[in-house]
Structure formats: structure tokens, C-alpha cells
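Trainee: after the sequence you'll find the predicted model.
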Amino acid sequence: MIDLNKLHIFDTVVQMGSFSTAAERLHITQSAVSQHIKELEAGLGQLLFTRTRRGVSLTPQGEVLADYSRQIFDLVAKAENALVNVEHLASGKVSLGATPGVGIYLVPDWVQRFRARYPHLTVALQTGVTAQIVADVLAHRLDIGLIEGELDEQPAGKLAVQVLEEVEQLVVVGFQHPFWDRDHVALTDLDQQSFIVRQQGSQSRAWIEESLHAHGVTPLIGAEFDNLESMKRAVTAGRCLAILPSYVVASELDRHQLRVLPIEDKPLVRHLKLIWAAKSPFSPVTAAFLAELARQYPVLRGILKG
């Protein structure tokens, strides 16, 4: 009979793509992982992995076992989700990653609602750029990611993505800006205007520049900041403009510290997305967090049912 512990270690190696990263995830030594895999292979009389300097790859027999092991652990996860009453858990944690704007302006409200219902459970938030959140989700250091950035092409079947909503990107100015009294602007009006932008290397910066250049608009970079609060303060007090997500500037608009300049046809739009490791079922606590989030984004109900 196959030892389920060894099968779990095998499944982890398959997911992580190497013995070393599997060992890190399992909190055991790499030599222990190797020993368990050797014993599993000996018990089956089959080689499961081809070992090379670049890592490991499955043999045809390993592919067969990987398919069965994924079915087995999917069933275990489904049984756990069906039977665990999250409200009665004494403790538990969901680890999520978010891009800066999402993590600062959206996640705190979601966490508050979740904790109001499940006061014994913990939400651990890590903010980072899109590429880092994707990497941590695929490496299972995070359960889920909530991002607004554009995604690079991923290996087939590795990353699952669900768009939650369209987020309009607003042109905002402070009271000292010459556009303050205008009711609207054309996108071409932004050509050669001074902008406050994110730092080089951020996807928000790349997206804004690509979007503007696609419409023949060349921005003048007045300042670069690595956080949204500094950008808002600089726009409020100065003569530069910025393009920011609607949820980022809501409070400043209410206090009339910033003014939105509508653009015809709303050409500047990004998307809030949920990402997760495609072949890994949600834990009961993660599923509970997503169920709470589904009150705001009903599209998540279909994911949870699946």
C-alpha cells in the first residue's frame, strides 16, 4: 500500500518542480525528501522522476502517479471543506498577497468584515508588485493573490485567474493645477503635461506610459514615488496631475482636495483580479474568506462551487 505521507511529499515535489523547494515548503531537509521519494520508488518498482542538474521531471510512470495523487488530495480537500465548520475553529489563517493599492485601500475592509464573522481566524497580508505576488502564489507561500497589475504569460495550467471588476483609472488634479476648473479633458490634452507617477519598474508605471503612448500622448515626468499616498499628497499640493484607481482617491474627492477630470469613453481601465495556484484546492479558511468576499463579488461563488 502506498504510504500517504510519501505520496504527499511526491505531490509537493511535482507542484514545486524540485526537491529543494519542496523541502522548504514541507519544512524538512532536502535529503529527507530524496529518501522518501527513493522509498516510494522502491515500493512501486518504478522510477518516478528523472533527475538532472536543472531539477527533476516526471517519468511516464511518475505522470500516472501524479494524476492519481492530485485526484486523491483533491478529494481529501473536498472532504475537509465539506466537513470543517470554520466558525468553530479555534484558530486558522489565510495568507494573501496584494498589489499596493489593493492592499492599502481595499483589503482592510475585507479583513474587517471577515474577522467580524470569524474572530478566531487570522488574515496575513503581504503587499508587493504583481510579479512577486504571482511567484509567491505559485510557490504556495501565499494562498491567494489580489492584484490590479497586468499578468505576464504563465505556464499552462499553473495559475488560475478570475477578474473581479473593472477599475476605472482617473485623471486627478489639485487646486493649483491649471485644469482644476475644467469639467472634462480629452486624452490628447494630457500630452506634455507634468505627471506624478510610480517608480520605474512598476507595472502601474509601465501600464500608464503604454496606454498614453498608444493614444499619442507623451507625459512629462514631474516626480516618481514608490507609494500612492505620496503621489496623492504631491498632486494635492502641486501643479502635476496623476492617473490613479478610483478607490485610491475616494476620500480626497469627498473632501474636495482632488478633482477628477472625466475623459470621454473611459479609455483608461484596469482589472482587479484574484489569482491562485490552479491545481491546489482552497483550504477551509481560504474558502471562508472568499465566501465573504463573494458578497461583494458574486462571480466567486462559481469558483467555490467548483
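Mentor: Nice, I can see it. Numbering: from 1, shown residues only.

Trainee: going forward, measure contacts and count neighbours with C-alpha atoms only.
Mentor: Noted.

Trainee: quick one: contacts for residue 97?
Mentor: Contacts for residue 97 (C-alpha atoms under 8 Å, 6 or more residues apart in numbering) come out as 103, 125, 126, 127, 128, 133, 137, 142, 144, 145, 146.

Trainee: next step: those residues restricted to helices.
Mentor: 103, 133, 137 (DSSP state H).

Trainee: okay, the last one: pLDDT?
Mentor: It stands for residue 137. According to the prediction, residue 137 has pLDDT 93.

Trainee: does it touch residue 131 like I think?
Mentor: No: look at residue 137 against residue 131 with C-alpha atoms under 8 Å: they stay out of range, at 10.0 Å.

Trainee: the more surrounded of these two?
Mentor: Higher neighbour count among residue 137 and residue 131: residue 137, with 22 against 16, using other C-alpha atoms under 10 Å.

Trainee: mind listing what that one touches?
Mentor: Residue 137 neighbours (C-alpha under 8 Å, 6+ apart): 97, 143, 144, 145, 275, 276, 277.

Trainee: and the strands in the protein?
Mentor: 49-52, 55-58, 93-98, 122-127, 144-147, 159-173, 194-198, 220-225, 241-245, 259-260, 269-277 (DSSP state E).

Trainee: could you pull out the helices for the stretch 151-300 of the chain?
Mentor: Counting by DSSP state H, counting those that start in this stretch, residue ranges of the helices within the stretch 151-300 of the chain are 203-214, 228-237, 250-254, 284-293, 300-305.

Trainee: what residue spans form the domains of the protein?
Mentor: 4-83, 89-164+271-305, 166-270 (automatic domain parsing).

Trainee: measure the nearest residue to residue 300 once chain neighbours are set aside to residue 304 for me?
Mentor: Spatial nearest neighbour of residue 300, chain neighbours left out: residue 294 (5.2 Å); criterion: C-alpha to C-alpha, 6 or more residues apart in numbering. Remark: distance between residue 294 and residue 304 (C-alpha to C-alpha, to the nearest Å) = 9 Å.

Trainee: give me the more crowded residue out of those two.
Mentor: It is residue 294, of residue 294 and residue 304, that has more neighbours when counted by other C-alpha under 10 Å, with 17 against 14.

Trainee: hang on, isn't the more buried one packed against residue 302?
Mentor: No: using C-alpha under 8 Å, residue 294 is not in contact with residue 302; the gap is 9.5 Å.

Trainee: chain center to stretch 119-128, what's the gap?
Mentor: Put simply, stretch 119-128 sits 14 Å off its chain's centre (C-alpha atoms, centre = their mean, to the nearest Å).

Trainee: contacting residues around it?
Mentor: 89-100, 103, 111, 115, 133, 285.

Trainee: ok, now stretch 50-62?
Mentor: Stretch 50-62 is contacted from outside by 14, 17, 18, 19, 46, 47, 48, 49, using C-alpha under 8 Å, 6+ apart.
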